[in-house]
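[1] Build me a model from this:
(one chain, ligands or ions: 1)
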Amino acid sequence: MADLAELRANIDEIDRQMITLLAERFKYTEEVGIYKDQHGLSAQDPSREAQQFQKLALYAEQSGLNPRYAEQIYRHIMDLVISRHQELKTVQK
Ligand SMILES: C=C(O[C@@H]1C=C(C(=O)O)C=C[C@H]1O)C(=O)O
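    Down below sits the predicted model:
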């Protein structure tokens, strides 16, 4: 069994990688938000989300992650993205 400091060092490294990937994801969703604003599209796209949640459940199962954790984490991420897209639509032009 690894010691506590070693376990926490692994967690810290994963957190670093997750933040890097989240920043990258939010850069792409920002571009999607600008596109939606320019083309009059809705901030939320439930059919796209349904496809993503299907894939996320599969990835979670394949990785040994509880699919409910994946669903809850992504619901929160997507809600932040949708809020940002709504904000982009209300910015004065
Ligand atoms: C990023 C988009 O906007 C919203 C946010 C999503 C996400 O964070 O993955 C998915 C669908 C939309 O509800 C999109 O439409 O692609």
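[2] Quick check: which helices or strands does the host helix or strand of residue 82 pack against?
    The secondary structure element spanning residue 82 is helix 67-90 (assigned by DSSP states H and E). The contact analysis (3 or more Cβ pairs under 8 Å, 6 or more residues apart in numbering; DSSP states H and E) places helix 67-90 against helix 4-39, helix 46-63. Where C-beta positions appear, they are placed from N, C-alpha and C, glycine not excepted.
[3] model confidence over it, on average?
    Averaged over helix 67-90, pLDDT sits at 97.
[4] Those residues of this protein touching the ligand, which are they?
    Contacts of the chain with the ligand, taken as Cβ under 6 Å from any ligand atom, map to 29, 32, 44-45, 48-49, 52, 77-78, 81-82, 85.
[5] about what we covered before: could you export the helices and strands packed on helix 67-90 as TSV, including mean pLDDT?
    Output for the helices and strands packed on helix 67-90, formatted as TSV (pLDDT from 0 to 100):
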stretch	mean pLDDT
helix 4-39	98
helix 46-63	98
